[in-house]
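this one's sequence-less:
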């Protein structure tokens, strides 16, 4: 299994060249690739592309049916998906315990190449993030402080995406802010550039076939 570590600061121009090269690929390379993007890089990469966004504003606040299929086709694979609201904006979190349990997104379109989301995390908490591709390649970010996310997480990839998993692993001076305990965390404005087609149940196809035949016969 190939593993790519989180990127080091600097080398911005070379990163933009690498991102541009990936965006220009018309056929998938033999080895799939995943690269983390900051908000500016993500916005630049997304320019001119269609987007499918779930901002969680259309849900009734409170506990949701698990697993939660989002309006853009992505599934939040959590046993207690919860929509929280401050009266103005709504966001998604996992309301199960322990708070160190993974919060995972799955069921991406095979054509998805850009995925991004706002991350609502404690500044002093630390997180592991694992992005897994169908090839088995992963992007692993270990023990990143919440304030280092700058409120956003995005990736550019080639090859099918299996999952994006967030785990709260504690803080620099103990679990959570100031060693006071790990906090819950949430997500907002989850965007992807491709949406998996919704399959039509076989039963519906069987029911519609005789109706179509009747219509043709009547026209004759």
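That came through, no problem. Remember, predicted model here, so these are calculated numbers, not experimental data.

which residue ranges of the protein form helices?
Per DSSP state H, the chain carries helices over the ranges 12-23, 39-46, 202-219.

and the longest one, what's its mean pLDDT?
Averaged across helix 202-219, pLDDT comes to 44.

which parts of the longest strand anywhere in the chain are buried?
Determined from DSSP state E, the single longest strand within the chain is strand 161-171. For strand 161-171, burial by neighbour count (16 or more other C-beta atoms under 10 Å) applies to 161-168, 170-171. All C-beta atoms are positioned from the backbone trio N, CA, C, and that covers glycine.

just put those in CSV and tack on distance to residue 47 and pLDDT.
Converted to CSV, the buried residues of strand 161-171 look like this (distance: C-beta to C-beta, whole Å; pLDDT from 0 to 100):
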residue, distance to residue 47, pLDDT
161, 21, 96
162, 27, 96
163, 26, 97
164, 22, 98
165, 28, 98
166, 27, 96
167, 32, 94
168, 33, 91
170, 37, 82
171, 36, 66
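
of those residues, closest to residue 43?
When the buried residues of strand 161-171 are compared for distance to residue 43 (C-beta to C-beta), residue 164 wins out at 18.8 Å.

what separates that closest one from residue 124, distance-wise?
According to C-beta to C-beta, to the nearest Å, residue 164 stands 23 Å off from residue 124.

same deal with residue 37?
24 Å.

these two: who's more crowded?
Neighbour totals were compared for residue 37 and residue 124, and residue 37 leads with 22 against 19 (other C-beta atoms under 10 Å).

what residues are up against that one?
19, 45, 116, 154-156 (C-beta atoms under 8 Å, 6 or more residues apart in numbering).

can I get these in JSON lines with distance to residue 129, neighbour count and pLDDT?
Formatted as JSON lines, these follow (distance: C-beta to C-beta, whole Å; neighbours: other C-beta atoms under 10 Å; pLDDT from 0 to 100):
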{"residue": "19", "distance to residue 129": "19", "neighbour count": "17", "pLDDT": "47"}
{"residue": "45", "distance to residue 129": "19", "neighbour count": "23", "pLDDT": "94"}
{"residue": "116", "distance to residue 129": "13", "neighbour count": "25", "pLDDT": "98"}
{"residue": "154", "distance to residue 129": "11", "neighbour count": "22", "pLDDT": "97"}
{"residue": "155", "distance to residue 129": "10", "neighbour count": "22", "pLDDT": "97"}
{"residue": "156", "distance to residue 129": "15", "neighbour count": "22", "pLDDT": "96"}
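
as CSV, these with distance to residue 105 would be great.
Converted to CSV, the contacts of residue 37 look like this (distance: C-beta to C-beta, whole Å):
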residue, distance to residue 105
19, 22
45, 19
116, 11
154, 13
155, 11
156, 16
